[in-house]
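Chemist: sequence isn't available, so here's the structure alone:
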């Protein structure tokens, strides 16, 4: 199972290294990603079955597919590049687009809704909890002041507000990290309920994995990695799994050079014993 199949990059490698009769079940929230993946993996024919669902729904997908627990489960928790590069998805402050941030366009709440409707305290708490932004209160105050003048609807519009709220000396210290990075991360996590879905995924993962099966999770920020690390440690202590990664696997210098978005990735793996 590739529970965040995206455009099929990991799925293709899994199929290439799996036995010829192995079937891959791919899950993704984004219908457009599934369309691309369907074409990308067409060479594998009936060995590929794709489902429009959240990665946290892996148990329901297995039931719907009417198959046994999986031998391999992979979840790459990062946003897909097709989404990050599409201005209409509103995930980047680097290009102008609507303040959307939904992984699934069918979801009802957007980042624009949160930015314009939450109270100053709610915004500050959200930005601090999900982004670790120490200037969350200043940013929330600036957002509330700005939206009194006009509704905040665009990514670059919000980006300018955040930059203006952070002291210039702090911006200079954060070289290489855009001042709006943490705020945008926090809003994206909130819009897509990322941490809640991760916890649901971890709750059902042991039952979705066969004895002797292996699971790998790639996280991209500490809020995700802490949850994965803690959960894996509990299972290891209980004797139901063994660790495949004493320390998380991180990208090499060469990989980061060719794929800068991989730089914060951490892969942790386990094998189910019983």
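Modeler: That came in fine, so what should we check first? Note that the structure is predicted; figures quoted are calculated from it, not measured.
Chemist: going forward, measure contacts between C-alpha atoms and count neighbours the same way
Modeler: OK.
Chemist: list the buried ones in stretch 226-245?
Modeler: By neighbour count on 16 or more other CA atoms under 10 Å, the buried set for stretch 226-245 is 227, 228, 229, 232, 233, 235, 236, 240, 241, 242, 243.
Chemist: helix or strand: which one has the second one?
Modeler: What it means is residue 228. helix 222-238 (DSSP states H and E).
Chemist: helices along the stretch 101-250 of the chain, start to end?
Modeler: Along the stretch 101-250 of the chain, counting by DSSP state H, counting those that start in this stretch, helices occupy 111-117, 120-131, 136-149, 155-165, 168-173, 181-192, 194-208, 222-238.
Chemist: relative to helix 136-149, how tilted is the fourth one?
Modeler: To tie it back to what came earlier, the one meant is helix 155-165. Helix 155-165 and helix 136-149 are oriented at 130 degrees to each other (axes from the mean of the first three to the mean of the last three CA atoms, to 10 degrees).
Chemist: which helices and strands does helix 155-165 pack with?
Modeler: The contact analysis (3 or more CA pairs under 8 Å, 6 or more residues apart in numbering; DSSP states H and E) places helix 155-165 against helix 136-149.
Chemist: contact partners of the helix it packs on?
Modeler: With contact meaning CA atoms under 8 Å, 6 or more residues apart in numbering, helix 136-149 is reached by 115-116, 119-121, 123-125, 127-128, 152, 158, 161-162, 165-166, 183.
Chemist: just the buried residues of these.
Modeler: Buried subset of the contacts of helix 136-149 (neighbour count, 16+ other CA under 10 Å): 115-116, 120, 123-125, 127-128, 152, 158, 161-162, 165-166, 183.
Chemist: which one of the residues you listed is nearest residue 42?
Modeler: Nearest to residue 42 among those is residue 183, at 38.7 Å by CA to CA.
Chemist: that closest one contacts residue 127, doesn't it?
Modeler: Yes: shown here, residue 183 and residue 127 form a contact pair, counting by CA atoms under 8 Å, at 5.6 Å.
Chemist: hey, least reliable of the helices of the stretch 101-250 of the chain by pLDDT?
Modeler: In terms of average pLDDT, helix 168-173 trails the rest of those, at a mean of 75.
Chemist: still on that earlier bit, same list (the buried residues of stretch 226-245) but as TSV, adding distance to residue 146.
Modeler: Shown next, in TSV, are the buried residues of stretch 226-245 (distance: CA to CA, whole Å):
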residue	distance to residue 146
227	35
228	38
229	39
232	43
233	45
235	47
236	49
240	52
241	51
242	51
243	49
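Chemist: now do the contacts for the nearest residue to residue 192 once chain neighbours are set aside.
Modeler: Among residues not flanking residue 192 along the chain, residue 102 sits closest, at 6.2 Å (CA to CA, 6 or more residues apart in numbering). If you count contacts by CA under 8 Å, 6+ apart, residue 102 has them with 89, 109, 110, 111, 188, 191, 192.
Chemist: okay, now the last one: neighbour count?
Modeler: Here the count is done by other CA atoms under 10 Å, and residue 192 has 18 residues near it.
Chemist: list the buried residues for the strand of greatest length in the chain?
Modeler: Longest strand in the chain by number of residues, with DSSP state E as the criterion: strand 209-219. The neighbour-count check on strand 209-219 (16+ other CA under 10 Å) flags 209, 210, 211, 213, 214, 215, 216, 217, 218, 219 as buried.
Chemist: make JSON lines out of those and add pLDDT and distance to residue 8.
Modeler: Below are the buried residues of strand 209-219 laid out as JSON lines (pLDDT from 0 to 100; distance: CA to CA, whole Å):
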{"residue": "209", "pLDDT": "96", "distance to residue 8": "21"}
{"residue": "210", "pLDDT": "96", "distance to residue 8": "23"}
{"residue": "211", "pLDDT": "96", "distance to residue 8": "26"}
{"residue": "213", "pLDDT": "96", "distance to residue 8": "21"}
{"residue": "214", "pLDDT": "97", "distance to residue 8": "19"}
{"residue": "215", "pLDDT": "97", "distance to residue 8": "18"}
{"residue": "216", "pLDDT": "97", "distance to residue 8": "16"}
{"residue": "217", "pLDDT": "97", "distance to residue 8": "16"}
{"residue": "218", "pLDDT": "96", "distance to residue 8": "15"}
{"residue": "219", "pLDDT": "95", "distance to residue 8": "18"}
